[in-house]
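>>> How does the following fold in three dimensions:
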Amino acid sequence: MTGYEELLKKAKKELPEVKAGTERFEIPKVKGHVEGNKTIILNFFQICDLFGRDPQQVLKYLQRELAVPAGVDGQRLILNRKLSSSFVNQKIEQYAKDFVICKECGKPDTKIVKEDRVSSLQCMACGAKYPIRAKII
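Below is the predicted model of the structure:
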């Protein structure tokens, strides 16, 4: 048994340290700038990829929440109004809470499922499923 206990101690020493308070999913901050009377978001598609959502859905949500016309130019999102990055970040965080993060387990492993005329958020981690109240699809 001593060989086993020694191997166990050695394995525990070699384990990587886990920092308290870190999560595997962090909502990214927007990167961009104001150009004239327009706000340019440079990492819009990276945010959509991280969320696992269609960029058109996220664009529609942002247009509605920010009350601003917007369009996509190549890899950039162009909002036709001057907006502070903190305000845009707040809306991105709200989108993640409403349409990405599971309300049961808190994991971002979800997908939007449409059955008949009802859209639901289904968690792939815990199996929870609940209807989405807002219309984004």
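
>>> who touches Phe44 in this structure?
Counting by Cβ atoms under 8 Å, 6 or more residues apart in numbering, Phe44 makes contact with Val30, Pro55, Val58, Leu59, Val72, Gln75, Arg76, Leu77. C-betas here are computed from N, CA, C, even on glycine.

>>> Any figure for the gap between it and Gln75?
8 Å (Cβ to Cβ, to the nearest Å).

>>> What of Val68?
19 Å.

>>> And for the spatially closest residue to Cys123 that is not a sequence neighbour, the neighbour number?
Distances taken as Cβ to Cβ, 6 or more residues apart in numbering put Cys102 closest to Cys123, at 4.0 Å, once the chain neighbours are dropped. Cys102 sits with 20 neighbouring residues when counted by other Cβ atoms under 10 Å.

>>> ok, and the closest non-adjacent residue to the residue nearest the centre of the chain?
The structure's the chain has its C-alpha centroid closest to Phe51; by Cα atoms, centre = their mean the separation is 3.7 Å. Leaving aside its chain neighbours, Phe51 sits nearest to Val100 (4.9 Å; criterion: Cβ to Cβ, 6+ apart).

>>> Contacts only, for the one you found.
Counted by Cβ under 8 Å, 6+ apart, Val100 has contacts Phe51, Gly52, Arg53, Pro108, Thr110.
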